[in-house]
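Q: turn this into a model:
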Amino acid sequence: MRHGVKHADALRELARYLISNHASEFTYSRLGSLVGLRDLHTVRDYVSYLEEAYLIFQLRRFSFKPKGQLLSPRKAYPIDTGIAKTLTLKAHPEKGKLMELAVFLEIKRALSYSFVPGRSITGGTRGARWTSL
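A: Numbering: from 1, shown residues only. This next block holds a predicted model:
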C-alpha cells in the first residue's frame, strides 16, 4: 500500500461507514470509536487517504470564523451516487440524502471549471476558455 496502512480492516470499515452515511456529519473521534482506532491522527489520515483515492469528498461546515470551521463536524460525500447506493449498509437508503449528494456533486462539477474571458476553448485569444480549478 502506498501509505503503509497498518489497520487495513479499519480503513475498509471507515470507507464503508462514510459512504453508507453520506451527507451526515461526522467527527474524527466518533469515527475512531466506531472502527476501533484510538489515535485521532490515524483516523484523520485514513479519511484523507480515502479523499486522495477519489473515493470521497470532505466538506466543512461554513463559518466566517476559521476556528468554527476547524472545530465543527464535517460531511463526507462519495464521488458517485451509484457508489453510495451500492455500498450502503442501510436496507432503505434515504432519498433526501441521495438528493443532497446529487446536488453536491453537480455543484462540485460546475465549480471545477472557470470561465476565462478573451480565450477560446482551443487556447487562442478570441472567445472564451474553460479551465479546471
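Q: the chain: helices as residue ranges?
A: 8-20, 28-35, 40-52, 66-71, 81-87, 95-111 (DSSP state H).
Q: and residue 60, which of the ones you listed is closest to it?
A: helix 66-71 (4.9 Å; Cβ to Cβ). Heads up, the C-betas are built off the backbone N, CA and C, glycines and all.
Q: before we move on, back to that, could the helices of the chain be laid out in JSON lines, adding mean neighbour count and distance to residue 2?
A: Shown next, in JSON lines, are the helices of the chain (neighbours: other Cβ atoms under 10 Å; distance: least, Cβ to Cβ, whole Å):
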{"stretch": "helix 8-20", "mean neighbour count": "18", "distance to residue 2": "12"}
{"stretch": "helix 28-35", "mean neighbour count": "16", "distance to residue 2": "20"}
{"stretch": "helix 40-52", "mean neighbour count": "17", "distance to residue 2": "8"}
{"stretch": "helix 66-71", "mean neighbour count": "10", "distance to residue 2": "27"}
{"stretch": "helix 81-87", "mean neighbour count": "15", "distance to residue 2": "21"}
{"stretch": "helix 95-111", "mean neighbour count": "13", "distance to residue 2": "24"}
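Q: and of those helices, who's closest to residue 59?
A: It is, among the helices of the chain and with distance given as Cβ to Cβ, helix 95-111, at 7.3 Å.
Q: who does the closest one touch, helix- and strand-wise?
A: Using 3 or more Cβ pairs under 8 Å, 6 or more residues apart in numbering; DSSP states H and E, the elements in contact with helix 95-111 are strand 56-60, strand 74-78, helix 81-87.
Q: what residues does the last one touch?
A: Same thing as helix 81-87. For helix 81-87, the surrounding residues in contact (Cβ atoms under 8 Å, 6 or more residues apart in numbering) are 16, 19-20, 22, 55, 78, 93, 98, 101-102, 105.
Q: nearest residue to the middle of the protein?
A: residue 57 (1.3 Å; Cα atoms, centre = their mean).
Q: ok, the closest residue to that residue other than its chain neighbours to residue 36 distance?
A: Excluding the flanking residues, the one nearest residue 57 by Cβ to Cβ, 6 or more residues apart in numbering is residue 77, at 4.8 Å. To residue 36, residue 77 is 24 Å away according to Cβ to Cβ, to the nearest Å.
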